[in-house]
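In: Return atomic coordinates for the entry below.
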Amino acid sequence: QVQLVQSGGGLVQAGGPLRLSCRVYGVNLDHYAVGWFRQAPGTEQEGISCIPAGVRGPTYADSVKERFTVFRDRAEDTTYLAGINLKPEDTGLYSCALLRAVDRCSLNAEEYEYWGGGRQVTVSS
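Out: From the prediction side, this is the model:
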């Protein structure tokens, strides 16, 4: 059974850091890209980052570029999303997901097969 277990997030002060983790069980993560998505109340889900399984570098949405970093700990089958200089508009439910692909990424949620339960991030001004 495939499971994506997320941790981290919570209440963050504006300008502060963010750290989310996504640990995967039940699949070989070498065959999957890991995407990160967020959704604020009343808005559509936004793909913000993706890290492929292969050697290509990660992809970032313009809204988080140069503030967020995604990286993998292959030994722990865990992917991390770290952010700095958080803004109130970063508030939302953050979810990780798996895309079966080795050297490709996507910020399109419809392409993803498995999803974590989501973690709320609230940035206070």
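In: okay, now V70: neighbour count?
Out: 25 (other Cβ atoms under 10 Å). In this view, the C-beta of every residue, glycine as well, is placed from N, C-alpha and C.
In: Parallel or antiparallel, which strands does the helix or strand containing it pair with?
Out: For V70, the element it lies in under DSSP states H and E is strand 68-73. Applying DSSP bridges, strand 68-73 is found paired with strand 78-83 (antiparallel).
In: since we're on E89, how many residues are nearby?
Out: Using other Cβ under 10 Å, E89 is surrounded by 11 other residues.
In: Name the SS class of the spatially most central residue of the chain, please.
Out: Nearest to the mean C-alpha position of the chain, counting by Cα atoms, centre = their mean, stands W36 at 2.5 Å. Classification of W36 using DSSP: H, G, I helix; E, B strand; the rest coil returns strand.
In: Surely it is in contact with L93?
Out: No. Using Cβ atoms under 8 Å as the test, W36 is too far from L93 to be in contact (11.4 Å).
In: Strands of the protein, start to end?
Out: 3-8, 10-13, 18-25, 32-39, 46-51, 59-60, 68-73, 78-83, 92-100, 114-115, 119-124 (DSSP state E).
In: Of those, which stretch is the most buried?
Out: The highest mean neighbour count among these, using mean count of other Cβ atoms under 10 Å, belongs to strand 32-39: a mean of 25.
In: and the angle for that one with strand 46-51?
Out: Computed by axes from the mean of the first three to the mean of the last three Cα atoms, to 10 degrees, the angle separating strand 32-39 from strand 46-51 equals 160 degrees.
In: so R100 touches E113, yeah?
Out: Yes. R100 lies in contact with E113 (Cβ under 8 Å); the separation is 6.0 Å.
In: Which residue is the nearest non-sequential neighbour of the residue nearest to the centre of the chain?
Out: S49 (4.4 Å; Cβ to Cβ, 6 or more residues apart in numbering).
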